[in-house]
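Participant: could you work out the structure for the sequence below:
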Amino acid sequence: GSCTVWKMAAKQTEPVTIISLRKLSLATPEPQPKETKTFTVEDAVETIGFGRFHIALFLIMGSTGVAEAMEIMLIAVVSPVIRCEWQLENWQVAFVTTMVFFGYMVFSILFGVLADRYGRWKILFISFVWGAYFSLLTSFSPSYIWFVFLRTLVGCGVSGHSQGLVIKTEFLPTKYRGYMLPLSQIFWLAGSLLIIGLASVVIPTIGWRWLIRIASIPGIILIMAFKFIPESARFNVSTGNTEAALATLESIAKMNRSTMPQGKLVEPILNKRGRFKDLMDPKYLRTTLQIWVIWLGISFAYYGVILASAELLERDLVCGSRSESESEEVVVPMGDSEESQSPCHCHMFAPSDYKTMIISTVGEIACKPLCVLASSFLGMPLAFNLLEIAFVICFPVNPLNILGINFLGRRLSLSITMGCTALFFLLLNICTSSAGLTGFLFMLRALVAANFNTIYIYTAEVYPTTMRALGMGTSGSLCRIGAMVAPFIAQVLMSASLLGALCLFASVCVVCAISAFTLPIETKGRALQVGDEGLSVTPSVTPTKQKSMAWNSFC
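Facilitator: Sure thing, here's the model as predicted:
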């Protein structure tokens, strides 16, 4: 009986067990595929952070400003010599500068398009080889026509140097761009001071041709140093060359002793790059037009200050601005006819002229210790109250510019400095001493340099990778138009009406201040944009130990 009961109990429990197992099997969750982690170049740049690579980048790419400044300022120090050697008229001397800027204007757009399509590094390298080659040829110019032609080609090459700023911008983490990019101004200052200092020694001893040859040396050195800087990872990703971008980012991470983000690099779908019509797209049209106005106005004011300085001092257009002329005057006979009996007066630069150029150039960085050292070394009497006040005012301009860019934003900072530039242009009309005039000019150079700092940063940040180089190129082209117009105002109109010329410069600065204040996009703290066409993940690409060949010697 007990056996029968046990069997019955077993039969009753068996189906219950089966049902229970079925419930358990149904309740078991199906395995879900793991989500693939992804990251962008922006994520990688921010994760890697600032380190040794960025210091090398700052020094090498920043030094492009040394070479550019030397080539641009070269005309200013050589002009008096070629005027005498080839017996040139004033308009012929000015025509050299105009043609240099014309070449710069045309090729800025061309190099911008090519840099967005074929790479920033390639265009930068080509532009330096081009510039150094034709600069050396200029030193062998047999005539004025050849000199103008070759310097125009140098201007074409120099126009590609702005790609160094694009490369710096695309590698720097967001929070460091507002600090490191303005500091690059020191390289332009170094180049300007170097060419002026060399001119004061080389021209009187071995001649202007050797000065041009020596001025080509920094560019040649940089050509060899470029192998240590890779192509922009943002550009490589935008063209689909994700493996090269990964190799570059991994090399940077290793050099900075940092780590890469985990996951796979996402590749943007960017088939169309470097198209001029993208700048005119409704999304960027207003920004582009206002940026062009600002670039043109800033360049107009910058070269206006430089040329007005010479006019105010040489022509004694402001009362008491010139006590006595120390320039060396050389009389060169123009011929034997009656019309040519009036001699061509060649005003060669004297030591005092080089000193004035150095002092006003130092104003661009607005650093009081440097000013005091320069003043003591050059014998400038610091007892001049107005000049000392100008130094005190100028001292915080560059630090304040950096703080303004990072805390007030690019737009407000630029509108303030442009407004101050307009004010100081009007102050040049005040009857003052030579020291007071130097102080005002010093302050103006500091302000226009601050303007250039801010607009360079803003332009590089506001455009996406697909047209960043083109945006810089077209802006640089408009910049040269302002430079070509400035001589006619600072030299021609100012001779006829000082107040009229100063009011025109001030009015342009006010227009630029309004344009800056009303810019539709603020880029402070904003990540660099890649494009508007979306992202797609390339599954086959993952972070590897692959190294870029160009980096083997550096890493």
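
Participant: quick check: closest non-adjacent residue to Ile457.
Facilitator: Leu181 (4.9 Å; C-beta to C-beta, 6 or more residues apart in numbering). In this view, the C-beta of every residue, glycine as well, is placed from N, C-alpha and C.

Participant: do you know how far that neighbour is from Phe171?
Facilitator: Relative to Phe171, Leu181 is positioned 11 Å away (C-beta to C-beta, to the nearest Å).

Participant: tell me who's in contact with the residue nearest to Ile457.
Facilitator: Residues near Leu181 by C-beta atoms under 8 Å, 6 or more residues apart in numbering: 165, 168-169, 172, 453, 456-457, 460.

Participant: in the strand or helix carrying it, what counts as buried?
Facilitator: According to DSSP states H and E, Leu181 maps onto helix 174-183. Within helix 174-183, the residues scored as buried using 16 or more other C-beta atoms under 10 Å are 174, 177-178, 180-182.

Participant: now do the following helix or strand past that helix: distance to the chain's middle.
Facilitator: Scanning forward in sequence from helix 174-183 by DSSP H and E, the next helix or strand is helix 185-205. Centroid displacement of helix 185-205 relative to its chain, using C-alpha atoms, centre = their mean, to the nearest Å, is 20 Å.

Participant: next SSE downstream of helix 185-205?
Facilitator: helix 208-215.

Participant: next one: that following helix to chain centre, how far?
Facilitator: Centroid displacement of helix 208-215 relative to its chain, using C-alpha atoms, centre = their mean, is 25 Å.

Participant: got the angle for it vs helix 185-205?
Facilitator: Helix 208-215 and helix 185-205 are oriented at 150 degrees to each other (axes from the mean of the first three to the mean of the last three C-alpha atoms, to 10 degrees).

Participant: elements contacting the very next helix or strand once past helix 208-215?
Facilitator: Using DSSP H and E, the helix or strand that directly follows helix 208-215 along the chain is helix 217-225. Applying 3 or more C-beta pairs under 8 Å, 6 or more residues apart in numbering; DSSP states H and E, we find helix 217-225 packed against helix 64-85, helix 120-138.

Participant: which one of those has the poorest average confidence?
Facilitator: Note on the helices and strands packed on helix 217-225: helix 64-85 shows the lowest mean pLDDT, a mean of 86.

Participant: relative to helix 120-138, how tilted is the following helix or strand past it?
Facilitator: On the C-terminal side of helix 64-85, the closest following helix or strand by DSSP H and E is helix 90-118. Orientation of helix 90-118 against helix 120-138 (the same axes, to 10 degrees) gives an angle of 150 degrees.

Participant: now helix 90-118: how far from the chain's centre is it?
Facilitator: How far helix 90-118 lies from its chain's middle: 16 Å, per C-alpha atoms, centre = their mean.

Participant: before we move on, what about stretch 280-291?
Facilitator: Worked out by C-alpha atoms, centre = their mean, stretch 280-291 lies 20 Å from the chain centre.

Participant: wait, what's in contact with Leu74?
Facilitator: Contact partners of Leu74, counting by C-beta under 8 Å, 6+ apart, are 195, 211-212, 215.

Participant: then Ser507?
Facilitator: Listed by C-beta under 8 Å, 6+ apart, the contact set of Ser507 reads Ala422.

Participant: show me what counts as buried in whichever strand or helix holds it.
Facilitator: Taking DSSP H and E as the definition, Ser507 sits inside helix 498-517. Neighbour-count burial for helix 498-517, counted by 16+ other C-beta under 10 Å, picks out 498, 501-502, 504-506, 508-513, 515-516.

Participant: could those go into a markdown table alongside distance to Cys479 and pLDDT?
Facilitator: As requested, the buried residues of helix 498-517 are exported to a markdown table (distance: C-beta to C-beta, whole Å; pLDDT from 0 to 100):
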| residue | distance to Cys479 | pLDDT |
| --- | --- | --- |
| Leu498 | 26 | 82 |
| Ala501 | 20 | 87 |
| Leu502 | 21 | 90 |
| Leu504 | 18 | 92 |
| Phe505 | 16 | 92 |
| Ala506 | 19 | 93 |
| Val508 | 13 | 94 |
| Cys509 | 15 | 94 |
| Val510 | 19 | 95 |
| Val511 | 15 | 95 |
| Cys512 | 12 | 94 |
| Ala513 | 17 | 94 |
| Ser515 | 14 | 92 |
| Ala516 | 15 | 91 |
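
Participant: which among those residues gets closest to Leu249?
Facilitator: Ala516 (34.2 Å; C-beta to C-beta).

Participant: wait, isn't that closest one in contact with Ile291?
Facilitator: No: Ala516 lies out of contact with Ile291 (C-beta atoms under 8 Å); the separation is 9.4 Å.

Participant: can you check which residues contact both of the two?
Facilitator: With C-beta under 8 Å, 6+ apart, Ala516 and Ile291 have common neighbours Ile455.

Participant: once you drop chain neighbours, what's closest to Val129?
Facilitator: Using C-beta to C-beta, 6+ apart and skipping the chain neighbours, the partner closest in space to Val129 is Ile223 (6.1 Å).

Participant: quick one: the one you found from Val462, how far?
Facilitator: Ile223 sits at a distance of 30 Å from Val462 (criterion: C-beta to C-beta).

Participant: same drill for these two, tell me which one is more crowded.
Facilitator: Neighbours per residue (other C-beta atoms under 10 Å) separate Ile223 from Val462, with Val462 holding more: 22 against 16.

Participant: nearest to Met418 among the helices and strands packed on helix 217-225 would be which one?
Facilitator: Closest to Met418 of the helices and strands packed on helix 217-225, according to C-beta to C-beta: helix 64-85, at 21.9 Å.

Participant: list the buried residues for that closest one?
Facilitator: 64-84.

Participant: what stretches of the stretch 151-300 of the chain score poorly on pLDDT?
Facilitator: Within the stretch 151-300 of the chain, the stretches with pLDDT under 70 are 267-274.

Participant: now do 90
Facilitator: Low-confidence segments of the stretch 151-300 of the chain (pLDDT under 90): 159-193, 196-197, 199-200, 204, 227-229, 232-245, 258-285, 287-288, 299.

Participant: rewinding a little: Leu408: which of the contacts of Leu74 is nearest?
Facilitator: The closest of those to Leu408 turns out to be Ile195 (C-beta to C-beta; 34.0 Å).

Participant: domains for this protein, by residue range?
Facilitator: Following automatic domain parsing, the chain resolves into domains at 38-273, 276-321+350-526.

Participant: related to what we said a few turns ago, need the max-distance pair from the contacts of Leu181.
Facilitator: Within the contacts of Leu181, Leu172 and Asn453 form the most distant pair, 14.7 Å apart (C-beta to C-beta).

Participant: who has more neighbours, those two?
Facilitator: Asn453 (26 against 21).

Participant: wait, that one sits on Pro182?
Facilitator: Yes: Asn453 is within contact range of Pro182, at 4.4 Å (criterion: C-beta under 8 Å).

Participant: in stretch 224-241, which residues are buried?
Facilitator: Buried residues in stretch 224-241 (16+ other C-beta under 10 Å): 226, 228-239, 241.

Participant: put the alpha carbons of that stretch into PDB.
Facilitator: Output in PDB follows, covering the C-alpha atoms of stretch 224-241 (Å, rounded to 0.1, in the frame of the first residue of the first chain):
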ATOM      1  CA  MET A 224      63.300  71.000 -42.000                       C
ATOM      2  CA  ALA A 225      61.400  71.200 -38.700                       C
ATOM      3  CA  PHE A 226      58.000  70.500 -40.200                       C
ATOM      4  CA  LYS A 227      58.700  66.800 -40.300                       C
ATOM      5  CA  PHE A 228      58.200  66.800 -36.500                       C
ATOM      6  CA  ILE A 229      54.600  68.000 -36.900                       C
ATOM      7  CA  PRO A 230      51.900  65.700 -38.400                       C
ATOM      8  CA  GLU A 231      49.000  66.400 -40.600                       C
ATOM      9  CA  SER A 232      45.900  67.600 -38.700                       C
ATOM     10  CA  ALA A 233      44.000  64.600 -37.300                       C
ATOM     11  CA  ARG A 234      40.700  66.400 -37.900                       C
ATOM     12  CA  PHE A 235      41.600  66.800 -41.600                       C
ATOM     13  CA  ASN A 236      42.500  63.100 -41.900                       C
ATOM     14  CA  VAL A 237      39.300  62.000 -40.400                       C
ATOM     15  CA  SER A 238      37.300  64.400 -42.600                       C
ATOM     16  CA  THR A 239      38.800  62.800 -45.700                       C
ATOM     17  CA  GLY A 240      38.200  59.200 -44.400                       C
ATOM     18  CA  ASN A 241      41.900  58.500 -43.600                       C
END
